[in-house]
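Peer 1: Pasting a predicted model and its sequence here:
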Amino acid sequence: MYPKLRNLSTGLALLLSVTACLSQTTPNQQELSSHLQKAQTYLHQNHPDLAIPELQAALAIDPSNLEVRANLGVLLFFQGKYDQALPLLQAVVAAKPDLWKIQSLLGIAESKTGDDRQGRIDLETAFPHIEETKLKIDVGLQLIESYTAAGELDKASTLIAQLLVLKPTDPELLYAAYRIHSNMMAEDLLSLSLAAPDSAQLHQAIAHELQRTHDLEGTIRNLRQALALDPKLPGIHFELAEALHASDDQRLRAEAVQQYKLAVLTNPTDPKAATRLGDIEVEMGNLDAGEKDYQQALKLQPNSPDAKIGMANVLTERGDPEAAAPLLEQVIAADPSNYLAHFRLSTVYRKLHRPEDVKRELDAYTKYKDMHEKLTSIYKTLDSPDKTPGK
């Protein structure tokens, strides 16, 4: 499920690092040294396949040499010969249990050869002590695979969050997070359907899934069912208003206004509905009413980006671009990918006769809008409506 052990360099670094940690005895010093020197030469030449026979010969001369055993076990491991590496790594860990890198490789080898229980024990023991980022991620991903296979998604979710702190943009980690959270969402939806098959919450959850797959008609239908079953369901008026407002049907868009107003009445501490009402008022040319709605939203949530963009639009329409600029600049400082803020700010800068700033903001607008459209296209490709629940 999750790719592992991306290159051999981690293994070779580990191989060399254990040299100073282990003791060695040399009954036939000259012959032993010859094999070890050849192995070292092959490793420097990046030929681990040639180094392995030399280490095997060295171990035959001195079976008690833990250094040779560890090095040979590591090389076999990174050659994918887990069954051959396993007894070597086990012997080293038994003699030196504080060699965390060796124990982490042992845990992976055990998991790869079918002993997931012992593999998990060794991986969980070693993981907190590993400092090398690449190895820590490999160990973490192996543990996540174990947790996922056992249905322990909470543990997997906690661990992937720790790994993402180390490499927030790593595509392998992001994909693992996506899979974990998708599985958790599916399990939660199944649990909800079994526990409360006729509940408002189930219809609300199904609506979220349908919205994700761009089935607007199904989304609206399930939200109406949820509202009918429980008129006091938290957030239901706002969610229905959003779905209605996304329709091209003018009757549904008009109904959305009423739902936004009900959302404000039922949850006066939520700024989202007030912001949407402001947007609608401004679209109809009612700047004063829109400003009032945006002020209410900003009073509830001073850093609301949507409310700031809306208020900046009102100020711009009133001929006060100087007052609008700081609001939009604050939004972009908090979220540079907000392409609407970049576009609005380019308009403001044009009114302020700042051509270089206009160009910069238009370039940013184009960049982030294209990124958004590509992501939307990917989501549409991935989501297949015929696989969606509730249809």
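Peer 2: That came in fine, so what should we check first?
Peer 1: Show residues contacting the strand or helix carrying Ala324.
Peer 2: Under DSSP states H and E, the secondary-structure element containing Ala324 is helix 321-334. Applying C-beta atoms under 8 Å, 6 or more residues apart in numbering, the contact partners of helix 321-334 are 303, 305, 308-309, 311-313, 315-316, 338, 341-342, 344-345, 348-349, 351-352, 364. Every residue, glycine included, has its C-beta placed from N, CA and C.
Peer 1: Show me those that map onto helices.
Peer 2: If you go by DSSP state H, the contacts of helix 321-334 have 305, 308-309, 311-313, 315-316, 341-342, 344-345, 348-349, 351, 364 in helices.
Peer 1: Please spell out the PyMOL selection for the buried subset of the contacts of helix 321-334.
Peer 2: Typed into PyMOL, the line below selects the buried ones among these, using 16 or more other C-beta atoms under 10 Å:
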select buried, resi 305+308+309+311+312+313+315+316+338+341+342+344+345+348+349+364
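Peer 1: Looking at Asp270 now. What's its pLDDT?
Peer 2: If you check Asp270, the pLDDT there is 83.
Peer 1: My understanding was that it contacts Leu262; is that so?
Peer 2: No: if you go by C-beta atoms under 8 Å, Asp270 and Leu262 don't touch, sitting 11.9 Å apart.
Peer 1: For Ile309, list the residues it contacts.
Peer 2: Leu327, Leu328, Val331, Asn338, Leu340, Ala341, Arg344.
Peer 1: can you pull the pLDDT of it?
Peer 2: 97.
Peer 1: Below-threshold pLDDT in the protein: ranges please.
Peer 2: 1-27, 378-391 (pLDDT under 70).
Peer 1: Taking the centroid of it, which residue is nearest it?
Peer 2: Leu174 (4.0 Å; C-alpha atoms, centre = their mean).
Peer 1: what residues are up against the residue nearest to Ala246 when sequence neighbours are not counted?
Peer 2: Once flanking residues are discounted, Ala246 sits nearest to Leu216: 6.0 Å by C-beta to C-beta, 6 or more residues apart in numbering. Contact partners of Leu216, counting by C-beta under 8 Å, 6+ apart, are Ala243, Ala246, Ser247.
Peer 1: Helices of the stretch 1-150 of the chain, residue ranges please.
Peer 2: In the stretch 1-150 of the chain, the helices defined using DSSP state H, counting those that start in this stretch lie at 9-17, 29-44, 48-61, 66-78, 82-95, 100-112, 116-126, 133-149.
Peer 1: ok, and what's touching stretch 291-304?
Peer 2: For stretch 291-304, the external contacting residues (C-beta under 8 Å, 6+ apart) are 269-272, 274-275, 277-278, 281, 306-308, 310-311, 314, 330, 334.
Peer 1: can you rerun that using 7 Å?
Peer 2: With C-beta atoms under 7 Å, 6 or more residues apart in numbering as the contact definition, stretch 291-304 has outside contacts at Thr269, Pro271, Ala274, Thr275, Leu277, Gly278, Glu281, Ala307, Gly310, Met311, Val314, Ala334.
Peer 1: mind giving me a markdown table with those and columns for distance to Asp288?
Peer 2: Formatted as a markdown table, those follow (distance: C-beta to C-beta, whole Å):
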| residue | distance to Asp288 |
| --- | --- |
| Thr269 | 24 |
| Pro271 | 19 |
| Ala274 | 15 |
| Thr275 | 16 |
| Leu277 | 13 |
| Gly278 | 11 |
| Glu281 | 8 |
| Ala307 | 16 |
| Gly310 | 13 |
| Met311 | 13 |
| Val314 | 9 |
| Ala334 | 28 |
